[in-house]
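1. Mind folding the following:
(one chain, ligands or ions: 1)
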Amino acid sequence: MRIDAITTFPDMYGSVMGESMMKRAQEKGILDFHAHDLRAWAEGVHRKTDDYPYGGGCGLVMMCDPIFKATEEVLGLPAGSLPASKDELDAQEVKVVFMAPQGAVFDDATALRLSRVDRLVFVCGHYEGIDERAYCLADEIISIGDYVLTGGELASMVVIDAVVRKLPGVLGAEGGAASESFADGLLEYPQYTRPASYRGMEVPEVLLSGHHANISAWRHQQSLERTQALRPDLLE
Ligand code: ADE
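-> Numbering: from 1, shown residues only. Next up, the predicted model:
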């Protein structure tokens, strides 16, 4: 899968995409990731990407022009062709995702759906928002929750992490992603590792029994009880 991020803060991606599973996914050739500095498509000596809002108000609004030009170039479309060429894009396995608090709230089903696309392009807003006309480029607008971040970069990294770990071959153990929280609509069962006894707290007997059917039944029951206790909304 190829993922591009269009951002005024490309360096923010370095630590997250350069460590752990995200790094391994790239090393294994499963993920091809690029962060692009939006300023490269901005005009003038100051390479401004934002301007004052029409109608007044505080803060600055991100301008359409750099976002359109960046999206065209990143997707290999002729300069000036968007939004008219958007239909051609829709025929390809590419999704343009805008990160914004007014988007649909991100969840596991969305992560799975996005993991089946060949290419994702994230557009990350900052300041007081993005010129509304830029949203015509979006296939999806995604929020990671009902709170406002200073920018879409962190939010996009949350989405990228959740999507990439679903790609075949990224997680070490086969089926790792299939048995975890949300995959079956339930929270994951409790996990334990050595030692079996720690500061007076014991690992449940059944997990030491080696009896796979009993372990499986216990885990399912724990998933149900935990979901009922912590996230009853998931059972509705
Ligand atoms: N940008 C600012 N806040 C955000 C949020 N909650 N989700 C996605 N992008 C954002």
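
2. pLDDT (mean, whole number) over stretch 41-56?
-> For stretch 41-56, mean pLDDT is 96.

3. buried ones in stretch 107-116?
-> When burial is assessed from 16 or more other C-beta atoms under 10 Å, stretch 107-116 yields the following buried residues: 108, 110-111, 114-115. For every residue, glycine as well, the C-beta is placed using N, CA and C.

4. Let me know the closest of the residues you listed to the ligand.
-> Closest approach to the ligand among those (C-beta to the nearest ligand atom): residue 110, at 12.3 Å.

5. Pretty sure that closest one sits against residue 142.
-> Yes - with contact defined as C-beta atoms under 8 Å, residue 110 reaches residue 142; the gap is 7.0 Å.

6. what residues are shared contacts of those two?
-> residue 104 (C-beta atoms under 8 Å, 6 or more residues apart in numbering).

7. could the buried residues of stretch 107-116 be laid out in a markdown table, adding pLDDT, secondary structure and distance to residue 35?
-> Formatted as a markdown table, the buried residues of stretch 107-116 follow (pLDDT from 0 to 100; DSSP: H, G, I helix; E, B strand; the rest coil; distance: C-beta to C-beta, whole Å):
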| residue | pLDDT | secondary structure | distance to residue 35 |
| --- | --- | --- | --- |
| 108 | 95 | helix | 25 |
| 110 | 98 | helix | 21 |
| 111 | 97 | helix | 20 |
| 114 | 97 | helix | 18 |
| 115 | 97 | helix | 20 |
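
8. which one of those is nearest residue 101?
-> For the buried residues of stretch 107-116, the residue nearest residue 101 by C-beta to C-beta is residue 110; the value is 15.7 Å.

9. Report the contact partners of the closest one.
-> Counted by C-beta under 8 Å, 6+ apart, residue 110 has contacts 104, 142.

10. Begin at 27, not 1, for the rest of this chat.
-> With the count now opening at 27, the last piece we talked about shows up as residue 136.

11. where's the residue nearest in space to the middle of the chain, which helix or strand?
-> Among the residues of the chain, the one closest to the centroid is residue 185, at 0.8 Å (C-alpha atoms, centre = their mean). Using DSSP states H and E, the element containing residue 185 is helix 178-190.
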